[in-house]
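> Attaching a predicted model along with its sequence, questions to come.
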Amino acid sequence: AQKVTQAQTEISVVEKEDVTLDCVYETRDTTYYLFWYKQPPSGELVFLIRRNSFDEQNEISGRYSWNFQKSTSSFNFTITASQVVDSAVYFCALSGFTGGFKTIFGAGTRLFVKA
Amino acid sequence: DTGVSQNPRHKITKRGQNVTFRCDPISEHNRLYWYRQTLGQGPEFLTYFQNEAQLEKSRLLSDRFSAERPKGSFSTLEIQRTEQGDSAMYLCASSLGGSSYNEQFFGPGTRLTVL
């Protein structure tokens, strides 16, 4: 079975603080993809990043960075110097061969960034 | 706007009525997905199409639910004999074919309220 766990339901930070959103996944597949999506208050999910299981290189995109560790089945997301506009719900997701083309989403972490 | 569009954005209906939602994917995307999202949860996969073929259906999709994608373009999701438990946000997403795990582009969703 495939599963994505985002243990942090809500996180509240003050602007300019760094924040890390945790994601732990379960899969028996050797080939799989991990994703992060952002859902702002407007409601529309926005794709942030995709990572395949063979690429453990960490990635940085502006204030966003992702840490993929297969040894711990984790794919954590860090926002550096958070801004109020980062306030949203963030979803980690998994797609694997066993699941066909389904994408399994975690329950999400709601991030509040206060000015 | 060339993103994924969904209509209607909101639907209020009485229990027992039938409802139909429409999704127009990004024009060059041959994969189309339907998800259901309830409050505080991540999107749950319902079904997906590769062109006009419906390739997978979740067990969440009871026989009251049916989805079509005639001609491989727009898709409709119909719920018959709605129940209060059907109240949720129904999300549509589309993606390019080829790689199995391309990022999905989501529409704004249709919020269904069953009274």
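Perfect, thanks for sending it.

> And A:V113, how far from B:T110?
29 Å (CB to CB, to the nearest Å). The way it works is simple: take the backbone N, C-alpha and C, and place the C-beta from them, glycine included.

> helix or strand for B:E28, which one?
For B:E28, there is no host helix or strand (DSSP states H and E).

> how far away is the closest residue in space to it that isn't next to it in sequence from B:L32?
Distance criterion CB to CB, 6 or more residues apart in numbering or on different chains; nearest residue to B:E28, sequence neighbours excluded, is B:L96 at 6.9 Å. Going from B:L96 to B:L32 by CB to CB gives 11 Å.

> More neighbours: which of those two?
B:L32 (28 against 14; other CB atoms under 10 Å in any protein chain shown).

> is the one helix or strand the more buried one maps to up against chain A anywhere?
Using DSSP H and E, B:L32 sits within strand B:31-37. Yes. For strand B:31-37, a contact with chain A is found by CB under 8 Å from any CB of the partner chain, at B:31, B:33.

> Show me what that strand pairs with in its sheet, parallel or antiparallel.
Its sheet considered, strand B:31-37 pairs with strand B:44-50 (antiparallel), strand B:88-95 (antiparallel) by DSSP bridges.

> Look up the closest residue to B:N51, ignoring the ones flanking it.
Using CB to CB, 6+ apart and skipping residues adjacent in sequence, the residue nearest B:N51 is B:G72, 3.8 Å away.

> The one you found: how many residues sit nearby?
Neighbourhood size, B:G72 [other CB under 10 Å]: 16.

> Spit out the contact partners of it.
B:G72 is in contact with B:30, B:49, B:51-52, counting by CB atoms under 8 Å, 6 or more residues apart in numbering or on different chains.

> Of these, keep whichever come out buried.
Among the contacts of B:G72, those classed as buried by 16 or more other CB atoms under 10 Å in any protein chain shown are B:30, B:49.

> Out of the contacts of B:G72, which comes closest to A:T9?
Checking these against A:T9 by CB to CB gives B:F49 as the nearest, at 32.9 Å.

> Just list whatever residues bridge to the closest one.
So, taking DSSP bridges as the rule, B:F49 has B:L32, B:Q54 as bridge partners.

> The least confident helix or strand in chain A by mean pLDDT packs against which elements?
Ranking every helix and strand in chain A by mean pLDDT, DSSP states H and E puts strand A:59-61 at the bottom, with a mean of 87. With contacts taken as 3 or more CB pairs under 8 Å, 6 or more residues apart in numbering or on different chains; DSSP states H and E, strand A:59-61 sits against strand A:46-52, strand A:64-69.
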